[in-house]
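Student: Build the 3D model from these lines:
(chains A and B)
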Amino acid sequence: MSEVQAAGVIHDLGYRGYDGPRLGRAQIVRALTWHSFRSAFGLGRGVKGKIVPVLTFTAMCLPAIVNAVVVARGGTRLFGYDVYAPALRVALVTIFVAAQAPELVSRDLRSRVLPLYFCRPLRRGDYPLAKFLAMTGALLILIEVPLLITYVGTIASAKGGSAIWAQTRALIPGLGVGLMWAVLFAAFGLVLACVTGRRAYSTGIVAISCILTFFLALLLIQAEGGMTATSTGARVAGLFSPFTILDGVRVWLGGDPRTGLVADPGRYGPLYGVLAVLLLAACLGGLAARYRKASQS
Amino acid sequence: MPPIEAPKDTGTSATAAPVTENPVIETPVIETQALTKVYPGEVTALDGLNVSFAPGITGLVGANGAGKSTLIKILLGLIPPTSGQARVLGRDCATSGEGIRTLLGYMPEHDCLPPDVTATEFVTHLGRISGLPSTVAKERAAESLRHVGLHEERYRLIGTYSTGMKQRVKLAQALTGAPRLMLLDEPTNGLDPAGRTAMLELIGRIGAEFGISIVVASHLLGEIERICDHLVAIDGGRLLRAASITSFTQASQVLAVEVEEGLARLQAELAARGLAAAIQAGTLLVPLRGDGTYDVVRDCVADLALPLCRLEQRRHQVEELFREDEETQYV
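Tutor: Okay, the predicted model is just below:
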């Protein structure tokens, strides 16, 4: 025996089963969410997959950096935390959602990988839930990190605790608005993107839906006398696009009506709130329905 | 029954008794009772199917549209049956789908691989979705890919793989979750003959050496009978036949002999030597009972001095098998 050992033995370990602990469903959903979140930023993908998320994120941070420079040289904060740079934010959120929502859902449809998910211990709603959480997380990074940079850039030059406290109090509603945007546009982008497995088409569908509705709302607001108008038409014109709906909700909840995207909704504020909730529910419902069907194919 | 230990000093000793099959009736891995699935539009895919699958490798054969894929999807809990019951590994498919899916590995018939990730990444990710902790998922992905023969190439993008390699990745992802039962839907689809043989050998090895029960769905009986212990044939959503492999192969292993003339004489000569051959469409079908059959046929042809033009082992499709049973009755 000792001779054999001295000569060395090649061990063919053969097949080994696994009887150890397994993750519960919640942890599996978390694993899928994390995987999807990473792919929303192109991590685990080639260089091509990183271009859009990196560029949009960098562009989104630019106003925050400019603000930091201006404040450091003695100026005041350039924009409110709750609106940031509104036009830029609309453009970049559109680009990010149009490019990355298909990355999360169309890809799996295209390569028909879904049966491999649904033959594993997931329930039907788990897959769209994980994708929604991942996309929301990705949008939170895109929207909130520039706000935090703005905050840090501003308080770095602030004098005294009360100034810092004032900035912090202004920041909190800004983060809340960012959360609203992230949740709604994650659902909105995913439900449109999962219509087809053809990535170019889903990108087109998302982009066109965002841009067309936004310009429709913008045109209506202009036609009704612009941002400062107080006619009923101007007050409800913002209901035609998800961006302006959310801005209406912001103003309704106490935001400054002079800095955003819509005219002051006035007594139609609650309508904006209800519509935002309905739109979110419709998007999530559509997403769940889409995968209830897909899991059986 | 205590395990029989072979003497350590003389491994090849004749005294070591062969391990006999466990006489206790094994609990079936799959059981269905009156399982029926009617799709919208009154399409009946399964029609009161009663069948049980024993542990080991079972071939699930049936023509296209016989209900094989529908049965597999019900077993996975992906679609609910219209009526009836199905149990997998002792659990009810209708109520404990998640628990069953933890113990199952599934290889779909169609393409299901994203082209832009590496095989390692993809199989690791699916291992996580099967509920494996992160490090275990990585280890098992590497191991599964090694078992299917993709050790060197596993860091390449799946899009660069050949069809045969893609089939192996599909098999590896089914294996990676450490299943107790694997459901393989047409695993040799799209492969060339050498690739088919390699895939079947791999499946045979997984079933025999890894201790995993396997159900292989195929419309090519002649192909999967080589690796199966049992066969289940379904047609039109009903059970046609379920038996151990030996009773099937007697019917399915056939040598097709074609001669330019004297077919009846050859049949008589073969009958005289104990081979009951049947004539079907100008071809003599001789039941194949091992290599000796070839010799007998050769000798008969030589003795009768007949011009032989074809001598080949037949590959059966399952519907052919049953049609042939009917035809041979009145030869």
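
Student: List the buried residues in stretch A:45-59.
Tutor: In terms of neighbour count (16 or more other C-beta atoms under 10 Å in any protein chain shown), stretch A:45-59 has its buried residues at A:45, A:49, A:52-53, A:56-57, A:59. C-beta coordinates here come from the backbone N, C-alpha and C atoms, glycine included.

Student: And the strands in the stretch 101-250 of chain A?
Tutor: Counting by DSSP state E, counting those that start in this stretch, the stretch 101-250 of chain A has no strands to list.

Student: Contact residues of it facing chain B?
Tutor: Among all residues of the stretch 101-250 of chain A, those adjacent to chain B (criterion: C-beta under 8 Å from any C-beta of the partner chain) are A:107-108, A:110-113, A:115-123.

Student: Give me the buried subset of those residues.
Tutor: Buried subset of those (neighbour count, 16+ other C-beta under 10 Å): A:107-108, A:110-113, A:115-122.

Student: now, which of these sits nearest B:Arg101?
Tutor: A:Pro121 (4.8 Å; C-beta to C-beta).

Student: Would you list the phi and psi of the closest one?
Tutor: The phi/psi pair for A:Pro121 (degrees, to the nearest 10) reads phi -70, psi 60.

Student: From B:Val215, how far out is it?
Tutor: Per C-beta to C-beta, to the nearest Å, A:Pro121 is found 19 Å from B:Val215.

Student: B:Ile224 now?
Tutor: From B:Ile224 to B:Val215 the distance is 10 Å (C-beta to C-beta).

Student: related to what we said a few turns ago, could you identify the pair within the residues of the stretch 101-250 of chain A next to chain B that is furthest apart?
Tutor: Largest separation among those by C-beta to C-beta: A:Arg110 and A:Pro121, giving 24.4 Å.

Student: on that earlier part again, can you list the buried ones among the residues of the stretch 101-250 of chain A next to chain B in JSON lines and add pLDDT and distance to A:Leu220?
Tutor: Formatted as JSON lines, those follow (pLDDT from 0 to 100; distance: C-beta to C-beta, whole Å):
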{"residue": "A:Arg107", "pLDDT": "91", "distance to A:Leu220": "36"}
{"residue": "A:Asp108", "pLDDT": "93", "distance to A:Leu220": "37"}
{"residue": "A:Arg110", "pLDDT": "93", "distance to A:Leu220": "37"}
{"residue": "A:Ser111", "pLDDT": "93", "distance to A:Leu220": "41"}
{"residue": "A:Arg112", "pLDDT": "93", "distance to A:Leu220": "42"}
{"residue": "A:Val113", "pLDDT": "94", "distance to A:Leu220": "42"}
{"residue": "A:Pro115", "pLDDT": "92", "distance to A:Leu220": "45"}
{"residue": "A:Leu116", "pLDDT": "94", "distance to A:Leu220": "46"}
{"residue": "A:Tyr117", "pLDDT": "94", "distance to A:Leu220": "42"}
{"residue": "A:Phe118", "pLDDT": "92", "distance to A:Leu220": "43"}
{"residue": "A:Cys119", "pLDDT": "93", "distance to A:Leu220": "48"}
{"residue": "A:Arg120", "pLDDT": "94", "distance to A:Leu220": "48"}
{"residue": "A:Pro121", "pLDDT": "91", "distance to A:Leu220": "49"}
{"residue": "A:Leu122", "pLDDT": "89", "distance to A:Leu220": "43"}
